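1. this is a predicted model, with the sequence first.
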Amino acid sequence: MRGRRWLIALAAALALGAPALAVPGTATAALPPIGHVFVIVLENESASTTFGPGSPAPYLSQTLRAEGAYLPNYYAVGHESNDNYIAMISGQAPSAQNQSDCQFYDDLEPGTIGAYGQAEGSGCIYPSDVPTIADQLDASGLTWRDYNESMGADPTREAAECGHPGVNSVDNTQKATATDEYATRHNPFVYFHSIIDNTTLCDENVVNLDLLPRDLASAATTPNYVFITPDLCDDGHDSPCANGQPGGLAQADQFLRQWVPQITSSPAFTQQHGLLIITFDEADTSDTSSCCGEIPGPNSLSPGAGGPGGGVVGAVLLSPCIAPGTVSATPYNHYTMLRSVEDMFGLPYLGYAGLPGETSFGSDVFTQSCQGGSASSSSPPPVTHVRAPAIASSASISARFPVSWSANESGARFTVQVRRLGGQAGTSGAWRTLLTATAQRSLRFAGRAGRTYQFQVRAVADGAPGAWTSADTIVPTRLRPTGGHYRGAWRVRHVRDAWQRHAIVSSAAGATFTLRYDGGELAVIGERSPHGGTLRVTLDGHSHSVSLHSARTRVRQVIYVRRVRAGRHRLTIRVLSGTVAIEGLAIGSRRT
């Protein structure tokens with residue numbers, strides 16, 4: 001569809017003979033416009049126990065399951081606990097240390113970054129250049145908070161904000177006490193230097209669960225991403241609990257009865273399309289099964305400490321965008337959850353969330369049009385429009401060209417990102433954030449000749465993020481593109497307003513230019529003038545003659561355009577008569 005819009009826009013430019021051309025982007029439609037994601041992680045149960053006959057958790061296994069989507073084939077990625085929590089927010093694979101729940105809270109060294117962004121080494125606290133979903137959200141102008149039950153209950157063990165042991169010391173929160181049942185190992189955010197080294201950031205965002213009701217009071221105060229960790233009693237880990245309560249799965253069910261209604265009735269959830277994910281860190285240790293093409297990381301050959309994964313745990317998802325009673329048998333895992341959240345917020349995939357076997361939650365999960373939301377909300381998500389030239393030469397004489405955006409909300413703030421399409425081996429590059437939380441409405445982007453760029457912009461207004469909107473720009477090549485060959489009499493001429501201020505010119509009938517390229521759509525950029533001659537363009541054996549005659553001289557003109565499938569192509573341009581001046585080629589998503 002993107003290519004068809006591009007072709008229509010170029011055809012319009014041909015008809016008008018105008019150099020200026022802009023194509024508005026369209027919103028990404030892969031997932032519903034989820035404004036807030038809530039994650040609750042419980043402990044150590046296989047799906048067969050939690051959702052089987054006689055389950056000790058009827059509220060989760062029956063009531064909530066009937067209200068949303070049940071994923072019976074949702075897998076953990078390792079054993080034991082800490083490695084699963086780390087994977088959920090960073091895509092980092094299990095290591096020998098976090099498979100043992102990081103008894104010693106020390107730095108992961110040397111921390112060399114390998115394939116899929118995996119940090120290589122031994123230790124528990126990841127270097128500052130290993131990002132998490134929190135870092136991504138911050139960079140995109142979105143908000144997050146990590147709520148931990150009982151954190152700081154005993155100030156002699158840990159603080160009430162950003163609670164963790166001293167670096168390079170024994171973790172004294174491995175076992176609950178009668179007065180404090182917080183476990184550092186279940187709080188993944190404090191295992192990343194990118195978070196704990198910024199005291200203000202960590203204290204503000206890694207907090208006690210007691211703050212959640214206040215934050216849920218309005219959509220504006222509810223973070224876009226909420227991670228909730230019950231303590232060692234309420235997550236079902238301990239049975240009995242150190243404080244004398246029974247614990248186990250029944251205790252976890254009671255925790256859900258208390259907190260789920262507060263979340264699902266909140267303005268953020270009901271008005272801005274919330275999503276609540278309830279799952280478990282790992283299955284019973286006897287189940288080491290896996291899914292979704294999971295592979296070991298560099299620091300442990302066996303993610304399941306005896307098998308390939310963390311077993312089947314199941315998951316329940318609730319949202320105004322999910323029809324009650326939905327069941328999806330599609331295999332998913334913790335990397336899937338991270339990938340899905342990144343897709344919802346338009347973020348690049350971290351770590352093993354980018355594995356080829358991972359697939360985001362799709363129409364099998366989101367089974368109805370989102371109910372409520374913008375139609376009834378006092379703060380509907382803003383609608384964003386982005387404009388960039390389909391071909392850079394239509395708006396500029398160089399690879400530095402304008403991109404602009406707007407929203408239907410006057411006070412909106414924007415996040416602007418860019419990535420390269422095509423490139424090495426035909427893979428698209430990672431999204432790079434150009435601006436975040438900005439009121440700015442335009443910029444001039446400095447691209448490179450011969451490349452294709454995709455821009456995406458999203459507005460946030462009154463705490464509600466709108467959908468990402470995108471637009472693509474092809475930057476034409478220079479006069480001598482890689483792999484191109486000129487034969488016959490050609491000369492380079494300086495032309496003040498031409499693309500890159502030059503054209504390559506021939507008046508010799510039979511002179512040719514040939515190019516084999518790997519890419520998609522093609523446009524030839526050149527000059528029309530009173531002395532313009534005729535050329536023949538042959539692409540993959542299909543020929544078309546083009547007249548360059550015009551009553552007045554016009555540069556940076558699209559003199560030929562053709563939409564072709566991505567792949568290998570052969571182009572020949574032959575001078576038939578008169579003077580032919582070529583300025584460059586616009587090749588969509590050219591591979592290098």
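-> Here it is on my side, so go on.
2. what's the burial count for Gly325?
-> The burial metric for Gly325, expressed as a neighbour count using other C-beta atoms under 10 Å, is 12. Glycine gets a C-beta too; all of them are placed from N, C-alpha and C.
3. swap in the one 5 residues further on?
-> When counting by other C-beta under 10 Å, one arrives at 16 neighbours for Thr330.
4. tell me the mean pLDDT for whichever strand or helix holds Val39?
-> Element membership of Val39 [criterion: DSSP states H and E] is strand 36-42. Taken as a whole, strand 36-42 has an average pLDDT of 97.
5. then it to PDB, C-alphas only?
-> Listed in PDB are the C-alpha atoms of strand 36-42, where the atom choice follows Å, rounded to 0.1, in the frame of the first residue of the first chain:
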ATOM      1  CA  HIS A  36      -1.500   2.200  29.100                       C
ATOM      2  CA  VAL A  37       0.000  -1.200  29.700                       C
ATOM      3  CA  PHE A  38      -0.200  -2.800  33.200                       C
ATOM      4  CA  VAL A  39       1.800  -6.000  34.000                       C
ATOM      5  CA  ILE A  40       1.400  -8.100  37.100                       C
ATOM      6  CA  VAL A  41       3.800 -11.000  37.700                       C
ATOM      7  CA  LEU A  42       3.100 -13.800  40.000                       C
END
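6. elements contacting it?
-> helix 81-90, strand 225-229, helix 248-264, helix 267-271, strand 274-280, helix 334-344 (3 or more C-beta pairs under 8 Å, 6 or more residues apart in numbering; DSSP states H and E).
7. list the contacts of it.
-> Outside of strand 36-42, the residues within contact range by C-beta atoms under 8 Å, 6 or more residues apart in numbering are 85, 88, 186, 219, 222-230, 235-236, 249, 252, 256, 259-260, 263, 268-269, 272-281, 337, 341, 344.
8. and the gap between the residue lying closest to Asp129 once chain neighbours are set aside and Gly351?
-> Nearest non-adjacent residue to Asp129, counting by C-beta to C-beta, 6 or more residues apart in numbering: Ile113, 6.9 Å away. If you measure Ile113 against Gly351 using C-beta to C-beta, to the nearest Å, the figure is 10 Å.
9. compare those two and say which is more crowded by neighbours.
-> Of the pair Ile113 and Gly351, Gly351 is the one with more neighbours under other C-beta under 10 Å, namely 25 against 12.
10. can you give me phi and psi for the more buried one?
-> Note on Gly351: its backbone torsions stand at phi 50, psi -130 [degrees, to the nearest 10].
11. circling back to that earlier point, got a markdown table for the helices and strands packed on strand 36-42, with mean neighbour count and distance to Glu120 too?
-> Listed next are the helices and strands packed on strand 36-42 as a markdown table, based on neighbours: other C-beta atoms under 10 Å; distance: least, C-beta to C-beta, whole Å:
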| stretch | mean neighbour count | distance to Glu120 |
| --- | --- | --- |
| helix 81-90 | 28 | 14 |
| strand 225-229 | 24 | 26 |
| helix 248-264 | 19 | 35 |
| helix 267-271 | 23 | 39 |
| strand 274-280 | 25 | 28 |
| helix 334-344 | 26 | 18 |
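12. for these, give me CSV that also has mean pLDDT and distance to Trp144.
-> Formatted as CSV, the entries for the helices and strands packed on strand 36-42 read as follows, by pLDDT from 0 to 100; distance: least, C-beta to C-beta, whole Å:
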stretch, mean pLDDT, distance to Trp144
helix 81-90, 97, 10
strand 225-229, 98, 4
helix 248-264, 97, 15
helix 267-271, 93, 13
strand 274-280, 97, 14
helix 334-344, 95, 10
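13. could I get those as TSV with distance to Thr359?
-> Below are the helices and strands packed on strand 36-42 laid out as TSV (distance: least, C-beta to C-beta, whole Å):
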stretch	distance to Thr359
helix 81-90	16
strand 225-229	21
helix 248-264	26
helix 267-271	25
strand 274-280	16
helix 334-344	7
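14. closest to Ala412 out of those?
-> Distances from Ala412 to each of those were compared using C-beta to C-beta; the shortest belongs to helix 267-271, at 17.2 Å.
15. give me the contact list for stretch 563-573.
-> Stretch 563-573 is contacted by residues 3-4, 6-7, 426, 512-522, 524, 535-540, 580, 582, 585, 588-589 when judged by C-beta under 8 Å, 6+ apart.
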